[in-house]
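Peer 1: One predicted model, sequence on top.
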Amino acid sequence: LQLEESGGGSVQPGGSLRLACTGSGVSLEYYAIGWFREAPGRGRELVSCFSDGTPYYSDSQNSRFTTSEYKAWNVVYLQIHSLNVDDTGVYFCAARAGSGNICRGSAMDYWGKGTLVTVSS
């Protein structure tokens, strides 16, 4: 499995972005897909986990993040609403074989290279 993120860029506070995680080689349906964010001084944190059509969010992100999939394209999306400067960072998607809310930074099997999101006015 290979993963590639896309959709990052520069956006003003209050805006929205939709990031895409595209899988190649294997269907993403066999994996739980995690979205992680890495920001300066804050380490890598889990934003959401998506498995079998069900999204799981860390409590602090629940209201502004939407995770979805488009199976025909083997893509999992992360849409971020009401962006603020604290959302700036590199966003990675990662896959762990299995299902359920099993996304853990140390346990993922495959990682993409990340896409940069910059929120500034």
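Peer 2: Yep, that arrived.
Peer 1: just so I have it, where are all the helices in the chain?
Peer 2: Taking DSSP state H to define them, one finds no helices in the chain.
Peer 1: buried residues in stretch 23-34?
Peer 2: 23, 28, 31-34 (16 or more other Cβ atoms under 10 Å). No exception for glycine: its C-beta is placed from N, CA and C like everyone else's.
Peer 1: Make a markdown table from those and add pLDDT and distance to Lys113 to it.
Peer 2: Formatted as a markdown table, the entries for the buried residues of stretch 23-34 read as follows, by pLDDT from 0 to 100; distance: Cβ to Cβ, whole Å:
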| residue | pLDDT | distance to Lys113 |
| --- | --- | --- |
| Gly23 | 97 | 14 |
| Leu28 | 96 | 17 |
| Tyr31 | 97 | 17 |
| Ala32 | 98 | 19 |
| Ile33 | 98 | 15 |
| Gly34 | 97 | 15 |
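Peer 1: Same list (those) but as a markdown table, adding distance to Ser121.
Peer 2: Conversion of the buried residues of stretch 23-34 to a markdown table gives the following (distance: Cβ to Cβ, whole Å):
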| residue | distance to Ser121 |
| --- | --- |
| Gly23 | 35 |
| Leu28 | 35 |
| Tyr31 | 37 |
| Ala32 | 36 |
| Ile33 | 31 |
| Gly34 | 30 |
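Peer 1: from those residues, which is closest to Gly112?
Peer 2: Nearest to Gly112 among the buried residues of stretch 23-34: Gly23, at 9.2 Å, using Cβ to Cβ.
Peer 1: got a pLDDT number for the residue lying closest to that closest one once chain neighbours are set aside?
Peer 2: The spatially closest residue to Gly23, leaving aside those adjacent along the chain, is Asn74, at 4.6 Å (Cβ to Cβ, 6 or more residues apart in numbering). We note a pLDDT of 96 for Asn74 in this prediction.
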